[in-house]
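> Structure for this input, please:
(chains A and B)
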Amino acid sequence: MEKKKLLEIRNLHVQYKTDEAIVHAVNGVDLCVDEGETLGLVGETGAGKTTTALTIMGLLPERVGQVTEGELYLNGVDVIHAPEGQLKMMRGATASMIFQDPMTSLNPVIPVGDQILEVLELHKKDKMSHSEMEARVDQILEMVGIPAARKTEYPHQFSGGMKQRVVIAIALACEPLLLLADEPTTALDVTIQAQVLEMMRTLKKELNTAMVLITHDLGVVARICDRVGIMYAGEVVEIGTVEDIYTGEKHHPYTTGLFGAIPDLTKKTRRLNPIDGLMPDPTRLPSGCKFHDRCPHCMEICKTAPPQDITEGSHTIKCHLYDKEVQK
Amino acid sequence: MSQPLIETKDLCKYFKTPKGLLHAVDGVNLTIQKGETLGVVGESGCGKSTLGRVILRLIPHTSGQVMYDGKDFLALSKREMNVMRRKAQIIFQDPSSSLNPRMTVSEIIAEPIRVNHILHGSKEIEKRVKELMETVGLAYRFVNTYPHELDGGRRQRIGIARALAVNPEFIVCDEPVSALDVSIQAQILNLLMDLQDEMGLTYMFITHNLSVVKHISDEIAVMYLGQCVEKTSSDELFENPMHPYTQALLEAIPLATIEEKYRERNIIRGEVVSPVNPKPGCRFAPRCPYATDACGDPNLNLKEVTPGHWVACTRCGG
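Numbers count the residues shown, from 1 in each chain, chains lettered A, B, ... in the order given. Next up is the predicted model:
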């Protein structure tokens, strides 16, 4: 029953070097994604979600962003040490990325059909004839719910939801093994968001693509993901199946805080229970557990010793609260 | 019922575009009771922000009336209006573009106090600024910082302090938490609700986020393409949504739960049509699963289907 591991990240550290300070964006992330699986990465602004995704694609900004420690294997390829040429062939064919804002990821002066064709020409030139590629463009457009007749139109002629569909079509044109979706529906209205999510879910099943969905919306994750990782200050503080995270009893205090901060439509409460304080400054991270100064259960040990991963079945939590249970 | 604080009567705002008239707000009738919160929900382009601005006279209206405490707000002279401005304030969505980047926190908060001659003498103003910063939970050490040095949540607190500086009765909150992370969003929502309890403020809360609106509102109005399609109390709307658009909106919210009954949902097809020269009749009809010929009726208005529950749909209470 062991599924093949598509993506493996071990102890990844990423820093951004700026003139003023060193930004510790990712601080020891361990993740793996199996073939065909959907992993949700949840966290607030600055949690290191996007940096993790960019590292997977080998797209960290040159000179500024650096992997300082750790290993990252995508379909057996060592992404961190691979030459740029190999990464170029990987992007689009093995792994694709969708960004939050569809307008800035499309070229405004090229018809959308040609933008999809570009990917195919790069990766499938020796396998497909030009007419086969054209047929594939029509097919993939229909798959994402856009009439193939619109392929000669330009991005500005499409609405926001439609543009995001085009971006998804580009990403899926070569049937990649892994799709990285960075807040794919955040810029969309709820009814359109529901349409796009539903489409992504169907396509993923059809193509058996694995997906890493980055979002801050726990509702979106509940709809589409198999497993969920909660990120805080560059660490994965809790990871498990959706059942572990949404219905399990034990949680990282930050996860509990995140859930408490969302107004619940099914219950009536007068006050929300937000997490006090702010995300720590990534240039000056606190010692010990990075969440300790906002944590309602903070103990002495939390201020000095960074907590270790505590795993129970499919569920892993990085918190001192559960240390004792392991010793028992 | 007592006299409402705000009442709009057939309020319209059309914008001229090269292709024709854009019906941003089209015949909206709303009332807001004193001390209560009216939530206005809808997707982008439904006219909810325009509505808020027209009510405050930040942009001129096309036709209709806004009654403020029984007075015709839109007919006031400039001088009378200057006095009224103190009573009605607004908080904007994006705190970074609504705060002057070249003014410090104290200058921003003091500006409305100076402009409206509420207090004189720098000592007194300084005291009041300090008081306001305390009210909105901004540490006094930020008094001489510039907005860009602060994070989104704190900037939004400046915006709130500025709105409160003139002791208003009524505040239009235009997506005040949409640009914020969830944990910060919850802090700001709690702050707004505490302020309402303490000062008896009346809010018009504009948002696209239905969970937020349910949490904060007494009454909710759902807008679609410039028209109000349903309005009722917050609980009633979520328990018994009647308009097909409201039902579709509620279905579309991704809930943070994995119970199966919430996971599989009906998804509405199609997209919002253009608000330029809209066809008569129900504007939701092209996307509506129940649309019939009757939906083309140009006299489709809000009808009170059950007490306090108003719906504009041919299927309800026809």
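
> Beyond the longest helix along chain B, next helix or strand please.
Scanning chain B for the longest helix, with DSSP state H as the assignment, gives helix B:182-199. Downstream of helix B:182-199, the first helix or strand assigned by DSSP states H and E is strand B:202-207.

> How many neighbouring residues does residue 180 have?
Assuming you mean chain A. By other C-beta atoms under 10 Å in any protein chain shown, 27 other residues sit near A:Leu180. For every residue, glycine as well, the C-beta is placed using N, CA and C.

> you looked at the wrong chain, it should be chain B
Neighbours of B:Leu180 under the rule other C-beta under 10 Å: 22.

> Need the pLDDT of the residue lying closest to it once chain neighbours are set aside.
The shortest distance from B:Leu180 to any non-neighbouring residue, by C-beta to C-beta, 6 or more residues apart in numbering or on different chains, is to B:Gly152 (5.3 Å). Per-residue pLDDT puts B:Gly152 at 84.

> Equivalent analysis for the one 4 residues further on, please.
For B:Gln156, the pLDDT comes out at 91.

> how is chain A carved up into domains?
Taking automatic domain parsing as the reference, chain A has its domains at A:5-94+A:178-279, A:103-175.

> Those residues of chain B touching chain A, which are they?
Residues of chain B found near chain A, taking C-beta under 8 Å from any C-beta of the partner chain as the criterion, are B:43-44, B:151, B:153, B:181-187, B:189-190, B:193, B:208, B:210-212, B:214-215, B:235, B:238, B:248-249, B:251-258, B:262-263, B:265, B:267-269, B:271-272.

> now the angle between strand B:202-207 and the longest helix of chain B, please.
If you take axes from the mean of the first three to the mean of the last three C-alpha atoms, to 10 degrees, helix B:182-199 sits at 160 degrees to strand B:202-207.

> where in the stretch 101-250 of chain B is pLDDT low?
Low-confidence segments of the stretch 101-250 of chain B, defined by pLDDT under 70, are absent.

> and what of the stretch 151-300 of chain A?
Across the stretch 151-300 of chain A (using pLDDT under 70), the flagged ranges come out as A:266-270.

> In chain A, what residue spans correspond to helices?
Going by DSSP H, chain A shows helices at A:49-56, A:84-90, A:102-105, A:112-124, A:130-143, A:160-172, A:190-207, A:218-224, A:242-247, A:253-261, A:300-304, A:323-327.

> can you list these in CSV and add distance to A:Met279?
Output for those, formatted as CSV (distance: least, C-beta to C-beta, whole Å):
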stretch, distance to A:Met279
helix A:49-56, 12
helix A:84-90, 31
helix A:102-105, 25
helix A:112-124, 36
helix A:130-143, 38
helix A:160-172, 27
helix A:190-207, 25
helix A:218-224, 17
helix A:242-247, 20
helix A:253-261, 10
helix A:300-304, 17
helix A:323-327, 24
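
> Any idea how many residues pack against A:Ala135?
A:Ala135: 13 neighbours (other C-beta under 10 Å).

> likewise B:Pro60?
9.

> Who are the contact partners of it?
For B:Pro60, the contacting residues are B:Val54, by C-beta atoms under 8 Å, 6 or more residues apart in numbering or on different chains.

> same question, B:Arg283
B:Tyr224, B:Leu225, B:Gly226, B:Gln227, B:Val273.

> Generate a PyMOL selection restricted to the buried subset of the residues of chain B next to chain A.
Buried subset of the residues of chain B next to chain A, written as a PyMOL selection, criterion 16 or more other C-beta atoms under 10 Å in any protein chain shown:
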select buried, chain B and resi 43+151+153+181+182+183+184+185+186+187+189+190+193+208+210+211+212+214+215+238+248+249+251+252+253+254+255+256+257+258+262+265+267+268+271+272
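
> among the residues of chain B next to chain A, which are in helices?
When these are checked against helices (DSSP H), the matches are B:153, B:182-187, B:189-190, B:193, B:210-212, B:214-215, B:235, B:238, B:248-249, B:251-252, B:262-263.

> Would you confirm that the residue nearest to B:Leu180 contacts B:Ala179?
Yes - contact criterion C-beta atoms under 8 Å: B:Gly152 and B:Ala179 qualify, at 5.9 Å.

> Overlap of the contact sets of the two?
What both B:Gly152 and B:Ala179 touch, as defined by C-beta under 8 Å, 6+ apart, is the set B:Pro95.

> Residue 155 - how many residues pack around it?
I went with chain A, as the question did not name one. By other C-beta under 10 Å, neighbour count at A:Pro155 equals 20.

> Oops, wrong one, chain B.
So B:Arg155, with other C-beta under 10 Å, has 23 neighbours.

> Mind giving me the packing neighbours of the strand or helix carrying it?
If you go by DSSP H and E, B:Arg155 is part of helix B:152-164. Judged by 3 or more C-beta pairs under 8 Å, 6 or more residues apart in numbering or on different chains; DSSP states H and E, helix B:152-164 is in contact with strand B:88-91, helix B:95-98, helix B:105-115, helix B:122-135, helix B:182-199.

> Out of those, which is the most enclosed?
Across those, the average number of neighbours (mean count of other C-beta atoms under 10 Å in any protein chain shown) peaks for strand B:88-91, which reaches a mean of 24.

> mind listing what the most centrally placed residue in chain A touches?
Geometric centre of chain A, nearest residue: A:Ile214, 3.1 Å, by C-alpha atoms, centre = their mean. Counting by C-beta under 8 Å, 6+ apart, A:Ile214 touches A:Gly40, A:Leu41, A:Lys49, A:Thr50, A:Ala53, A:Leu180, A:Ala181, A:Asp182, A:Glu183.

> can you check A:Ala25 too?
Applying C-beta under 8 Å, 6+ apart, the residues near A:Ala25 are A:Val14, A:Gln15, A:Tyr16, A:Gly48, A:Thr51, A:Gly65, A:Gly234, A:Pro282.

> Got the confidence number for the third one?
Here the pLDDT value assigned to A:Tyr16 is 92.

> For A:Thr199, grab the count of nearby residues.
Heads up, residue A:199 is Met, not Thr. By other C-beta under 10 Å, neighbour count at A:Met199 equals 18.

> Surely it and A:Arg165 touch.
Yes - counting by C-beta under 8 Å, A:Arg165 is a contact partner of A:Met199 at 7.2 Å.

> Could you measure from B:Gly52 over to A:Asn11?
According to C-beta to C-beta, to the nearest Å, B:Gly52 stands 50 Å off from A:Asn11.

> Show me which of the two is the more surrounded one.
Legend: neighbour count by other C-beta under 10 Å for B:Gly52 and A:Asn11, higher for B:Gly52 (22 against 12).

> So the more buried one belongs to a strand, correct?
No - B:Gly52: not assigned to a strand; according to DSSP: H, G, I helix; E, B strand; the rest coil it is helix.

> Tell me who's in contact with it.
B:Val40, B:Ile90, B:Val172, B:Asp174, B:Met204, B:Ile206.

> before we move on, what about B:Pro95?
If you count contacts by C-beta under 8 Å, 6+ apart, B:Pro95 has them with B:Pro147, B:Gly152, B:Arg155, B:Gln156, B:Ile158, B:Gly159, B:Ala179.

> The first one: how many residues sit nearby?
B:Pro147: 22 surrounding residues under other C-beta under 10 Å.

> I figured it hits B:Glu107, correct?
No - here B:Pro147 does not reach B:Glu107: they are 10.5 Å apart, not a contact under C-beta under 8 Å.

> Mind listing the shared neighbours of the two?
Counting by C-beta under 8 Å, 6+ apart, the residues touching both B:Pro147 and B:Glu107 are B:Asn100.

> Thank you, goodbye.
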